[in-house]
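Asks: Structure for this input, please:
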Amino acid sequence: MFGKIENLVFEGGGVLGIAYLGVLHYLFYNGFMGDVSRVAGTSAGAITACITSFNLPFWDIRKISGTLDYRKIPSKGQPEHIGFVLEDMSEVMGRFLGDVSCIYRLMNHYGWFSTDYFYSWMKEVIDGQFDFAKKLPPYTFEDFKNPSIHKDNRAFLDLYVIGTDISMKTTQIFSFETTPTMEVAEAVRISMSVPIFFEAVIKEQTDSLGNSFSNVFCDGGLMNNYPLNIFDNPAFNANLYEGANMSTLGIRFKNKLSRNEIDSLWKYIESLLRVSSYIQQQSYESNPMNKERSVIIDTKDIHPLDFDIGVNETTYHFLYRQGYIAAKEFFGDGRYGLI
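Replies: As a prediction, the model looks like this:
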C-alpha cells in the first residue's frame, strides 16, 4: 500500500518511546528512510521526531538518544522564586507537607516535577547540530530550516511538535509554518509535560495591539497524542485516499483497555488522562486507513511514566526489540537482523 514514506508520525508514550529506536533501526536498514522529509510527534514522540529531524545516520540517532538519563527526568529541582518565598519556612513546612519545592511548583506551575533536566538535555542535543560561529543558541524552527547554520550545512527534515494550549483550550502545532520563532527545545519540553505530573510551561505573549498576556501550555497528548492526520492535507499530498495521506507512516503503542483501581490522587489523575486517550482512540478507529498506515508496538505491561530505567538494562533492550519486531511484522521480513 505504500509507494514511498514521506512522513513519520510518533505517538506520545513516556519511556515507551525507547521502542522507537527499534522501529528506526528497521526503517534505516531496510531502505525506508530515503524519501522521508517530515517528522511529527507528541511527548516522547516529539523527542524522537526532533532527533530524527537532524537527518543523521541511524547510529548517531541511537547514540544521542542513549545520552538521556530517564531517572533524572522527574526532577525535584527548586523552583525559580521559592527562595525568597519559603526560604525560612521550607524546613518546618517540609516536616508536615513533604517536598516543599514540589508543593510550591504544583501550586504555581501546575505540576509536581520540574522539567529542567530534560530541557537542558534537549537544548544541549540541539546545540550540537549547529555551527556556533554562524549563530549562537537558542535555536528556533526557523533555524531548523536554515542549513547554512547547521554543522556540515546538513539540511534537516521538517519538524512538527504537538502541544496543548490550556489557556486557549486547543491543540498547538509548533513548526516552521506556524511558529517560526519558537525555540524548538521549549516546544518539545511543552509536548512532554504531562499535566500535573510535570510543571506546565507558561509563556508570555503579545497580541497585535501590543497587549501582554500569559498562556499555559502542557503535554500535546492531552488532546492529540497520536497526530497521524497532521499531513492529511492536499498541501502535503494531492492524492489522499479516503481522506488519508498514505505516504504517512505512524508509529504507536498497542492500546490496552483495562479497569484501573483508583486508590490515590496519582491513580485518579492517571485515569483522567487515560479517559482522554480512549476518546482519541475512538477517533483513530473511525477511519480504517489509520490502522493500515500504523506500526503498532506491544510494550506489554511497562508503564509510560516508570522512569526508573537505564540504557544498559533489560527493560530498555526489551522496548528497543519490541519496536524492531513491530516494524518487521508490519513490513514483512527484512534484509537485516537486529544488532
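Asks: Now do the SS call for L136.
Replies: coil (DSSP: H, G, I helix; E, B strand; the rest coil).
Asks: What pLDDT does the model give it?
Replies: With respect to pLDDT, L136 has a value of 98.
Asks: which residues sit in contact with it?
Replies: Listed by CB atoms under 8 Å, 6 or more residues apart in numbering, the contact set of L136 is empty. The C-beta positions use only the backbone N, C-alpha and C, and glycine is treated the same way.
Asks: thinking F118 is in contact with M192, fair?
Replies: Yes: at 6.7 Å, F118 counts as touching M192 under the criterion of CB atoms under 8 Å.
Asks: more neighbours, these two?
Replies: M192 (28 against 24; other CB atoms under 10 Å).
Asks: Spit out the contact partners of the more buried one.
Replies: Contacts of M192 by CB under 8 Å, 6+ apart are 12, 43-44, 46-47, 115, 118, 198, 219.
Asks: ok, now N260?
Replies: 267, 270-271, 274.
Asks: could you flag which of those residues are buried?
Replies: E270 (16 or more other CB atoms under 10 Å).
Asks: Dump the contacts of N260 to TSV, plus pLDDT.
Replies: Shown next, in TSV, are those (pLDDT from 0 to 100):
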residue	pLDDT
K267	77
E270	73
S271	79
R274	75
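Asks: So which of the contacts of N260 sit within strands?
Replies: Among those, none falls in strands (DSSP state E).
Asks: Out of the contacts of N260, which is nearest to L157?
Replies: Distance ranking of the contacts of N260 against L157, using CB to CB, places R274 first at 31.4 Å.
Asks: Please report the distance of the closest one from H25.
Replies: 29 Å (CB to CB, to the nearest Å).
Asks: cool, and M246?
Replies: Taken as CB to CB, the span from M246 to H25 is 23 Å.
Asks: And P288, by the same measure?
Replies: On the measure of CB to CB, P288 and H25 end up 28 Å apart.
Asks: Of the two, which one has the most company?
Replies: H25 (24 against 9).
Asks: quick one: that one and Y324 touch, right?
Replies: Yes: with contacts counted by CB under 8 Å, H25 reaches Y324, the gap being 5.5 Å.
Asks: mind listing the strands for the stretch 51-200 of the chain?
Replies: Along the stretch 51-200 of the chain, counting by DSSP state E, counting those that start in this stretch, strands occupy 111-113, 158-165, 170-174, 196-198.
Asks: what's the closest of those strands to L305?
Replies: Closest among the strands of the stretch 51-200 of the chain, using CB to CB: strand 196-198, at 6.6 Å.
Asks: what helices or strands is whichever helix or strand comes after the closest one leaning on?
Replies: Downstream of strand 196-198, the first helix or strand assigned by DSSP states H and E is strand 201-206. Here strand 201-206 touches helix 184-191, strand 212-219, going by 3 or more CB pairs under 8 Å, 6 or more residues apart in numbering; DSSP states H and E.
Asks: how does it look with 6 Å?
Replies: strand 212-219 (3 or more CB pairs under 6 Å, 6 or more residues apart in numbering; DSSP states H and E).
Asks: Identify each buried residue in the helix or strand that the strand it packs on is followed by, please.
Replies: As assigned by DSSP H and E, the chain's next helix or strand after strand 212-219 is helix 221-224. Of the residues in helix 221-224, 221-224 count as buried by neighbour count, 16+ other CB under 10 Å.
Asks: from those residues, which is closest to Y316?
Replies: Using CB to CB, the buried residues of helix 221-224 come closest to Y316 at G221, 21.8 Å.
Asks: phi, psi of the residue lying closest to the closest one once chain neighbours are set aside?
Replies: In space, and not counting its chain neighbours, G221 is closest to G12: 3.8 Å by CB to CB, 6 or more residues apart in numbering. Torsion angles at G12 (phi, psi; degrees, to the nearest 10) stand at phi -80, psi 150.
Asks: got it, and the one 5 residues further on?
Replies: Its backbone dihedrals place G17 at phi -60, psi -20, with angles given as degrees, to the nearest 10.
Asks: Might one say that it is in contact with S43?
Replies: No: taking contacts as CB atoms under 6 Å, G17 lies outside contact range of S43: 7.7 Å.
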